[in-house]
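Trainee: just need the structure, nothing else, for what follows:
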Amino acid sequence: MTVDFALRLASAAAQVLVPGGGTVLIGKDTRVSGYLFESALEAGFVAAGVDVLLTGPLPTPAIAYLTNTTRADFGIVISASHNPYYDNGIKFFDGAGSKLSDGMEDAIESLIDQPPRTCESSELGQATTLTTARLDYMNFCRRSLPEGMDFDGLKIVVDASHGAAYKVAPRLMADLRADVVPVGCSPNGRNINDGVGSTRPDLLKLTVSGVRAHVGVALDGDGDRVIMVDERGEIVDGDGLLYILAADRSRRQVLKGPVVGTVMSNFGLELALGELGIEFRRAKVGDRQVLAMLQQHNGTLGGETSGHVICLDKTTTGDGLITALQVLAIMRETGRSLSDLASGMRRLPQTLLNVKVEGRVDVDANPSIRAAVKSAESTLGSRGRIVLRASGTEPVVRVMVEGEDEALVKRLAQDLAAKVQASVG
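Mentor: Model prediction:
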């Protein structure tokens, strides 16, 4: 990621997405480099004849929503999500607030090496700050709740990971009359995700217990993921939140289609939903894969263990703040604590090991590995599960084993990891 790359990316995107001119909405998280890349993208788009709307730091799902409501042709988020501050990235949304198709992304990539284009002065775009962006998104989140609902009497610790939701999350909870204790809401450009947020919840757990809060909410750096902490200081991850949402929607008879998780979702979620008569399907890892399966089967609820939960009856993409609001609404409506709501799902012991490999490995094509997996599956029986998956981002094979006997699960995972290492190492 360099200034030159951002300029060329803006020029390429303009040619593919709005060849005749149009409007792009640009948001970002709080990384120090975000301001640099925002300026570079703004320059590239304006030079290519595209108008630019700037929102400043806002969660990724806010940009998806605002791209649609402002009738921009597409939206951009400058963020590296849950990664450290020194990483950064650029994500696109189409005019409807959905991710670009693979074809569109490929077309942009094909032009990325061309030098930036500059129009004649009379055809240059204009850049404007969208001053109502934060309030518009907060109002949208509020409308996802039942009419008239507030959180008066609830003490909520809000951890925004020093990231994109550092203003909207605590302010929205306070506007809903909650007693808010902010954590990770003081970004300095370099502390995003540093010991806070959904991937580092230890401080949140301690704070919830220490201030005797009813619940804690932890977002990631760009605000599209959330995990929660119950009144005892215990984590409720994406699987647990998905169970709570699905069980409540099923109870109210408003759940549509199957609930979609991934191949890495805990087997306990599948068993718990099955006991409620709720169909559960598994997609490949990634929110894009979850969304595609939901759309394929006319479902409205899906997500990942990491806390990337998609409520298609409320919004178009994973939104950590809206997910948290839905769970808090269930707590308010039922009078039940988060620990009580989550108690219907029992997480099965799970062991995940990473085996380093050289290059790409097709574990399904290796007879020795297949035989080892078959033997382990026979040992586990119907109340366990094994997943071997080559990572798409790292030179590792992920070995995951789940079952009711924790000691057995660990032993089988170690045996399988050793077999993979011996077969491909």
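
Trainee: just the buried residues of the longest helix anywhere in the chain, please?
Mentor: The longest helix of the chain (DSSP state H) is helix 406-424. Buried residues in helix 406-424, counted by 16 or more other C-beta atoms under 10 Å: 408-410, 412-413, 415-417, 419-420, 423-424. Where C-beta positions appear, they are placed from N, C-alpha and C, glycine not excepted.

Trainee: ditto for stretch 153-171
Mentor: For stretch 153-171, the neighbour count (16+ other C-beta under 10 Å) marks 154-171 as buried.

Trainee: is it possible to get CSV of the buried residues of helix 406-424 that adds pLDDT and distance to residue 267?
Mentor: Shown next, in CSV, are those (pLDDT from 0 to 100; distance: C-beta to C-beta, whole Å):
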residue, pLDDT, distance to residue 267
408, 94, 14
409, 94, 10
410, 95, 15
412, 95, 14
413, 94, 14
415, 93, 19
416, 93, 16
417, 92, 19
419, 89, 21
420, 88, 21
423, 80, 25
424, 72, 26
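
Trainee: what's the closest of these to residue 366?
Mentor: The shortest gap between residue 366 and any of the buried residues of helix 406-424 belongs to residue 423, at 5.4 Å (C-beta to C-beta).

Trainee: could you dump the buried residues of helix 406-424 to CSV with distance to residue 218?
Mentor: As requested, these are exported to CSV (distance: C-beta to C-beta, whole Å):
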residue, distance to residue 218
408, 32
409, 27
410, 28
412, 32
413, 27
415, 35
416, 32
417, 30
419, 37
420, 33
423, 39
424, 37
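
Trainee: before we move on, the earlier item: so which residues make contact with the longest helix of the chain?
Mentor: With C-beta atoms under 8 Å, 6 or more residues apart in numbering as the test, helix 406-424 has contacts from 349-353, 355, 357-358, 361, 363, 366, 368-369, 372-373, 376, 379-380, 384, 386, 388, 397, 399-403.

Trainee: and if we set it to 6 Å?
Mentor: For helix 406-424, contacts defined as C-beta atoms under 6 Å, 6 or more residues apart in numbering pick out 349, 351, 353, 355, 357, 361, 366, 368-369, 372, 376, 397, 399, 401, 403.

Trainee: now, those that are in helices?
Mentor: 368-369, 372, 376.

Trainee: which of the residues you listed sit farthest apart?
Mentor: Distance extremes for the ones in helices among the contacts of helix 406-424: the farthest pair is 368 and 376 at 12.9 Å, using C-beta to C-beta.

Trainee: and the two? which has more neighbours close in?
Mentor: residue 376 (22 against 12; other C-beta atoms under 10 Å).

Trainee: low-confidence stretches in the stretch 201-350 of the chain?
Mentor: Scanning the stretch 201-350 of the chain for pLDDT under 70 picks out nothing.

Trainee: how about the helices in it?
Mentor: Ranges of helices within the stretch 201-350 of the chain are 202-211, 238-251, 267-275, 287-296, 320-334, 338-342, based on DSSP state H, counting those that start in this stretch.

Trainee: as TSV, these with distance to residue 5 and mean neighbour count would be great.
Mentor: Shown next, in TSV, are the helices of the stretch 201-350 of the chain (distance: least, C-beta to C-beta, whole Å; neighbours: other C-beta atoms under 10 Å):
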stretch	distance to residue 5	mean neighbour count
helix 202-211	35	18
helix 238-251	32	23
helix 267-275	40	19
helix 287-296	23	19
helix 320-334	28	22
helix 338-342	43	20
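
Trainee: between these, which one is nearest to residue 71?
Mentor: helix 320-334 (21.6 Å).

Trainee: how far does the closest one sit from its chain's centre?
Mentor: Mean-position distance between helix 320-334 and its chain equals 17 Å (C-alpha atoms, centre = their mean, to the nearest Å).

Trainee: what's that helix packed up against?
Mentor: Contact here means 3 or more C-beta pairs under 6 Å, 6 or more residues apart in numbering; DSSP states H and E; on that basis helix 320-334 packs against strand 226-229, helix 238-251.

Trainee: what's in contact with that helix?
Mentor: Residues contacting helix 320-334 (C-beta under 6 Å, 6+ apart): 141, 144-145, 149, 169, 217, 219, 223-226, 241, 244-245, 248, 309, 314-315.

Trainee: about what we covered before: can the helices of the stretch 201-350 of the chain go into TSV with extra columns for distance to residue 188?
Mentor: Below are the helices of the stretch 201-350 of the chain laid out as TSV (distance: least, C-beta to C-beta, whole Å):
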stretch	distance to residue 188
helix 202-211	17
helix 238-251	28
helix 267-275	37
helix 287-296	29
helix 320-334	21
helix 338-342	31
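
Trainee: so which of those comes closest to residue 129?
Mentor: Ranking those by their distance to residue 129 (criterion: C-beta to C-beta) puts helix 320-334 first, at 22.2 Å.

Trainee: any weak-confidence spans in the stretch 51-200 of the chain?
Mentor: Across the stretch 51-200 of the chain, not a single residue meets the criterion (pLDDT under 70).

Trainee: quick one, helices of it?
Mentor: 60-69, 102-110, 133-143, 168-175.

Trainee: which other helices and strands does the shortest one contact?
Mentor: Contact partners of helix 168-175 among helices and strands, from 3+ C-beta pairs under 6 Å, 6+ apart: helix 133-143, strand 155-159, strand 179-183.

Trainee: now render the ones you listed as CSV, adding distance to residue 46.
Mentor: CSV is the format used below for the helices and strands packed on helix 168-175 (distance: least, C-beta to C-beta, whole Å):
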stretch, distance to residue 46
helix 133-143, 19
strand 155-159, 36
strand 179-183, 36
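
Trainee: need the winner for burial among the ones you listed.
Mentor: Mean neighbours per residue, mean count of other C-beta atoms under 10 Å, is largest over the helices and strands packed on helix 168-175 for strand 155-159, with a mean of 26.
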